[in-house]
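Q: 3D model of this:
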Amino acid sequence: MSDSTAPDGGKLKGKGVRKRLKQGKQPVKDGSETKDKSDMPEGLNMERLMAILKGYGEYPGKYRMFIWRSILHLPENHAAYAALVDKGTHPAYEKVHEQYPIKSRKLLRVLQRSLSALSHWSAIFGETDYLPLLAFPFIKLFQNNQLVCFEIIATILVSWCQHWFEFFPNPPINVLGMVENVLAHHDKELLQHFVKYGVTSQVYAWPVLETLFSEVLTKDEWLRLLDNIFSNHPAFLLLVVVAYCTCSRGPLLQCIEFDDFTYFFHHRNTVDVGQVLTETYRMMDTTPADIHPKRMLEEFQPLTKGQYPVFNKYPKFIVDYQVQERERIRQDELDYLQQRQVSLELQKETERRQHEEAAWYRQQELLLNAEDKRRKMIAEEEQKLADQRTRLQAMNREVKMKELHLLDATRRNFMNFQQKQKETELKRLDDEIQRKALLREQETKAGIEEAEVKNMELQLQRKLFEQELHRDMTKASLQQKAEYDARLKHQELESRMQHRVGQAEKEREQEIRRVIQQNLAHADQLNTDTALRNQVEYKQRMDDLDLEARNVEFARLQDENRALEEEVHGLMQNLQKTKEHEAVENYDELQEQRRLAEAAEQRRMTLLTEESKMAKQHVTHLGQSLDESFERLRDIRQKTVGRAASTNNGWLNDVSSGTETSTQLSLDRGRKTFDEREQELMADVRRLRAKLARESRNRRPPPPDYNPD
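A: I've put the predicted structure just below:
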């Protein structure tokens with residue numbers, strides 16, 4: 001607490017208070033020690049504490065709790081307090097949350113535990129209605145130190161609540177009488193005003209006493225008041241009540257309604273606590289001895305160490321009777337609750353049985369009604385069944401007669417039908433044989449012509465593609481001219497080689513066609529020599545031969561298509577790799593790109609060699625000539641590539657450093673255009689191939705027994 005409020009309302013710094021507290025701990029130099037100091041623990045001096053209190057009106061907030069514990073001589077009996085807490089919650093405060101609802105669960109548990117410990121210490125506190133109001137401010141202040149909270153409340157009950165319980169359960173008439181006598185001495189007019197309107201000491205004194213002014217003061221004002229109460233004689237509390245009334249005499253003299261007086265002493269008012277304390281000290285000194293509360297009240301007595309003192313200053317028989325009555329009422333309440341629970345359970349069981357019985361009767365009634373309804377339905381169905389059986393027997397007789405006539409007519413019709421069917425089958429077989437032969441010849445001729453046209457179209461597309469590439473390369477810069485010439489020669493050689501391969505393929509196709517024609521002629525000769533009884537077997541053999549011929553033709557066409565597609569894909573992959581490498585590499589990567597181009601040429605030559613081997617397997621005499629032509633082409637290709645590489649290297653060495661950047665950009669543009677054109681041409685080839693396949697299928701659908709697998 002940095003500053004304190006003096007009785008005159010001024011602000012005083014806390015440094016002086018702390019300095020005087022430190023001085024109070026120093027021993028007296030003259031060796032004389034007062035009685036208070038000898039009783040104070042830890043060397044505190046009560047005289048200096050009183051000087052601080054009278055000078056500043058309160059103790060510093062930082063040391064207040066320590067000073068209270070020292071002034072009240074709290075014994076801190078941990079074992080005794082633990083024994084009281086271990087007894088559990090007192091029956092009188094089991095439902096304290098219902099009477100005093102508190103939001104904080106922790107604060108409610110501390111309140112219940114502290115009140116239960118006080119009730120176990122003395123039975124009177126379990127019957128005191130105002131004990132929660134008196135104890136709650138201390139519980140809220142010391143909720144983290146429950147032992148100190150319990151001992152402070154117990155000390156107040158022992159020393160400052162003397163003679164409070166002698167007239168229990170009524171208010172302390174003797175204590176209130178002392179307050180009234182002091183008020184009559186110091187302010188007789190105010191007392192007469194109270195008497196005039198029927199306001200007794202139970203209205204203006206008892207409400208503030210049973211709450212220790214916690215209802216009418218703020219927290220700071222209440223702490224300041226307790227500093228003065230704990231530091232003085234227990235009679236100081238009663239004089240504070242009188243001083244509070246006299247300091248508020250203006251508003252009180254204006255009150256004429258009883259409810260106004262009650263409200264005034266139960267709510268906060270605009271009363272200066274410093275003025276009240278000043279008036280209290282004045283009354284302590286000026287009150288006559290015959291009416292002074294000191295004469296009736298004993299000196300402050302702290303709690304004993306080890307065990308708490310016995311508190312029996314109350315009418316024991318009344319408290320015992322109330323305890324017995326409370327226990328009896330509690331037991332009666334438990335019995336009533338048990339009987340009520342049994343009655344409720346019995347009532348629920350009775351209602352459940354009644355509902356079950358009513359449901360059973362309803363179910364039986366429904367079952368009887370359903371049984372009657374079903375009996376009527378069964379009788380009606382039996383009558384309908386009997387009528388239906390009669391009609392059925394009559395119908396059966398008619399049906400049997402009709403069946404006899406129909407069987408006779410059907411037998412004759414079936415015999416005629418079998419004869420006509422055999423004749424029709426023979427004619428159909430003859431027509432089918434002729435149609436199959438004609439269809440086979442047409443399909444074979446159309447397939448061969450279509451394959452030739454398709455092959456020519458692929459060759460034409462390839463040449464167009466190469467010509468388009470040549471045109472694009474001629475538009476490049478002069479710096480690529482040498483490389484373009486070498487590539488053009490290389491492509492011409494490949495075209496010638498492909499033309500020769502195509503010629504070989506055509507010769508191979510003619511040979512295969514000649515063999516197929518011989519087989520067909522042989523099959524026709526056999527067909528003319530076969531008798532009529534072998535027509536079915538002959539048809540099966542012809543179908544097998546027809547299927548074999550078509551499979552051979554389709555296999556050849558597929559081989560050609562795969563070879564062309566593999567070659568195109570190889571070119572696309574090589575060009576893509578060339579583009580990727582040339583886009584990120586500088587002049588040094590150009591030599592590596594040429595090495596990759598040579599590797600691509602070797603792969604293409606390998607593909608051509610494999611194609612030649614496949615042709616050799618079908619046509620032996622054509623294979624030898626193709627191998628020789630491949631060898632000659634390879635020699636010419638190597639020589640041409642070598643000359644082109646030397647020409648390009650010499651030309652590249654002559655290029656100055658100033659034109660190196662423009663050459664690289666031109667090459668990149670040329671390759672990009674070449675790649676785009678190549679992709680477009682390949683897409684056109686695929687679309688044209690798919691279109692030709694669709695037209696072929698629409699123009700000549702496959703036979704019913706054709707299986708592409």
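
Q: show me the strands in this structure, by range?
A: For the chain, applying DSSP state E gives strands covering 3-5, 11-13.

Q: same question for the first one, mean pLDDT?
A: Spelled out, it's strand 3-5. For strand 3-5, mean pLDDT is 33.

Q: just the last one next, same as before
A: Mean per-residue pLDDT for strand 11-13: 34.

Q: over to stretch 391-403?
A: 87.

Q: before we move on, what about stretch 453-472?
A: For stretch 453-472, the mean per-residue pLDDT is 78.

Q: check stretch 498-518 too.
A: 74.

Q: and that stretch, what's buried?
A: Going by neighbour count (16 or more other Cβ atoms under 10 Å), the buried part of stretch 498-518 is 498, 500-501, 504-505, 508-509, 512, 516. (Each C-beta comes from the backbone N, C-alpha and C, glycine too.)

Q: please apply the same query to stretch 453-472.
A: Neighbour-count burial for stretch 453-472 flags 454-455, 458, 461-462, 465-466, 469, 472 (criterion: 16+ other Cβ under 10 Å).

Q: any chance of those in JSON lines, with distance to residue 73 too?
A: As requested, those are exported to JSON lines (distance: Cβ to Cβ, whole Å):
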{"residue": "454", "distance to residue 73": "122"}
{"residue": "455", "distance to residue 73": "124"}
{"residue": "458", "distance to residue 73": "120"}
{"residue": "461", "distance to residue 73": "118"}
{"residue": "462", "distance to residue 73": "119"}
{"residue": "465", "distance to residue 73": "116"}
{"residue": "466", "distance to residue 73": "119"}
{"residue": "469", "distance to residue 73": "115"}
{"residue": "472", "distance to residue 73": "114"}
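
Q: tell me the one of those nearest residue 382?
A: Here the nearest of the buried residues of stretch 453-472 to residue 382, counting by Cβ to Cβ, is residue 454; it sits at 81.0 Å.

Q: which residues are in contact with the closest one?
A: 557, 689, 692 (Cβ atoms under 8 Å, 6 or more residues apart in numbering).

Q: residue 519 versus the first one, what's the distance?
A: This means residue 557. Residue 557 sits 19 Å away from residue 519, going by Cβ to Cβ, to the nearest Å.

Q: more neighbours: the two, which one.
A: The neighbour comparison of residue 557 against residue 519 (other Cβ atoms under 10 Å) goes to residue 557, with 18 against 13.

Q: re earlier: nearest to residue 201 among the contacts of residue 454?
A: For the contacts of residue 454, the closest approach to residue 201 (Cβ to Cβ) belongs to residue 689, at 121.6 Å.

Q: contacting residues for the closest one?
A: 454, 458, 561.

Q: let me know the closest of the residues you listed to residue 306.
A: Of all the contacts of residue 689, residue 561 has the smallest distance to residue 306: 114.4 Å, by Cβ to Cβ.

Q: okay, now the closest one: neighbour count?
A: Number of residues near residue 561 (other Cβ under 10 Å) recorded here: 15.

Q: can you give me the distance of it to residue 614?
A: Per Cβ to Cβ, residue 561 is found 14 Å from residue 614.

Q: equivalent analysis for residue 200, please.
A: Here the criterion is Cβ to Cβ. By it, residue 200 lies 133 Å from residue 614.

Q: what of residue 543?
A: Taking Cβ to Cβ, one finds residue 543 at 29 Å from residue 614.

Q: try residue 167
A: For residue 167 relative to residue 614 (Cβ to Cβ), the value is 132 Å.

Q: who touches residue 251 in this structure?
A: Contacts for residue 251 (Cβ under 8 Å, 6+ apart) come out as 264, 269.

Q: okay, it: pLDDT?
A: Per-residue pLDDT puts residue 251 at 92.

Q: how about residue 88?
A: pLDDT, the model's per-residue confidence, is 89 for residue 88.

Q: repeat for residue 378
A: Confidence for residue 378, expressed as pLDDT, is 89.

Q: give me the number of residues near it?
A: Look at residue 378: counted by other Cβ under 10 Å, it has 10 neighbours.

Q: I'd assumed residue 93 was in contact with residue 116.
A: Yes: between residue 116 and residue 93 a contact is recorded at 5.5 Å, counting by Cβ atoms under 8 Å.

Q: how long is stretch 118-129 end to end?
A: From its first residue to its last, stretch 118-129 covers 13 Å (Cα to Cα, to the nearest Å).

Q: and stretch 184-198, by the same measure?
A: Using Cα to Cα, first and last residues of stretch 184-198 are 15 Å apart.

Q: same question, stretch 72-82
A: 21 Å.

Q: for stretch 183-200, what does the pLDDT average out to?
A: Averaged across stretch 183-200, pLDDT comes to 92.

Q: roughly how far is it from the heart of the chain?
A: Centroid separation between stretch 183-200 and its chain, computed with Cα atoms, centre = their mean, to the nearest Å, is 73 Å.

Q: residues near residue 553, how many?
A: Neighbours of residue 553 (other Cβ under 10 Å): 20.

Q: how about the one 3 residues further on?
A: Per other Cβ under 10 Å, the neighbour tally for residue 556 reads 17.

Q: could you report the pLDDT at it?
A: 79.
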